[in-house]
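> what shape does this take:
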Amino acid sequence: MRLYSLSVLYKGDPKVHLLKAAYDVSTFNFFQRSSVQEFMTFTSQLIVERSELGSRASVKEQEYLCHVYVRNDGLAGVVIADNEYPQRVCFTLLDKVLDEFSRQVSKIDWPSGSPATIGYAALDGYLSKYQVWPPAP
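This is a model prediction of the structure:
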């Protein structure tokens, strides 16, 4: 069971943009890693774009399961995992991350933010903590 990506995005008008993301591409061939990461970023944006405000969904994309949660305020989270990773855990993680993100990052910064300008460093920690389920104590 693996998590590959954890992203926070903003579903604004007219388009969706990435605010912050963490990736674990260590299981891929060195030469594939950048294209796999690009694929995950693109897929995350596309899924959020096609999701309604206030919705949760799990979408199968190739050999991955993409779990998306779009809040009513436009803040969205996407977890890309393998097929074996528990769906309930993914949505619990998304709830936790989006709540924490919205407390730490001002709503004013969401429409114009980018990974370079948003100061939120917890995603890498969450990605490694939830990497193997159940997590080590």
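
> where do the helices of this protein begin and end?
33-49, 87-104, 123-129 (DSSP state H).

> ok, now which ones touch the nearest residue to residue 87 once chain neighbours are set aside?
Closest residue in space to residue 87, ignoring its immediate chain neighbours: residue 58 at 5.7 Å, by CB to CB, 6 or more residues apart in numbering. For glycine as for every other residue, the C-beta is placed from the backbone atoms N, C-alpha and C. Residue 58 is in contact with 65-68, 87, 90, counting by CB atoms under 8 Å, 6 or more residues apart in numbering.

> what's the answer for residue 44, then?
5, 7, 9, 18, 21, 66, 68, 78, 80.

> okay if I get those residues as JSON lines plus pLDDT, neighbour count and distance to residue 37?
Listed next are the contacts of residue 44 as JSON lines, based on pLDDT from 0 to 100; neighbours: other CB atoms under 10 Å; distance: CB to CB, whole Å:
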{"residue": "5", "pLDDT": "96", "neighbour count": "24", "distance to residue 37": "8"}
{"residue": "7", "pLDDT": "97", "neighbour count": "28", "distance to residue 37": "11"}
{"residue": "9", "pLDDT": "97", "neighbour count": "26", "distance to residue 37": "15"}
{"residue": "18", "pLDDT": "96", "neighbour count": "20", "distance to residue 37": "12"}
{"residue": "21", "pLDDT": "97", "neighbour count": "19", "distance to residue 37": "9"}
{"residue": "66", "pLDDT": "96", "neighbour count": "24", "distance to residue 37": "14"}
{"residue": "68", "pLDDT": "98", "neighbour count": "25", "distance to residue 37": "18"}
{"residue": "78", "pLDDT": "98", "neighbour count": "28", "distance to residue 37": "13"}
{"residue": "80", "pLDDT": "96", "neighbour count": "28", "distance to residue 37": "11"}
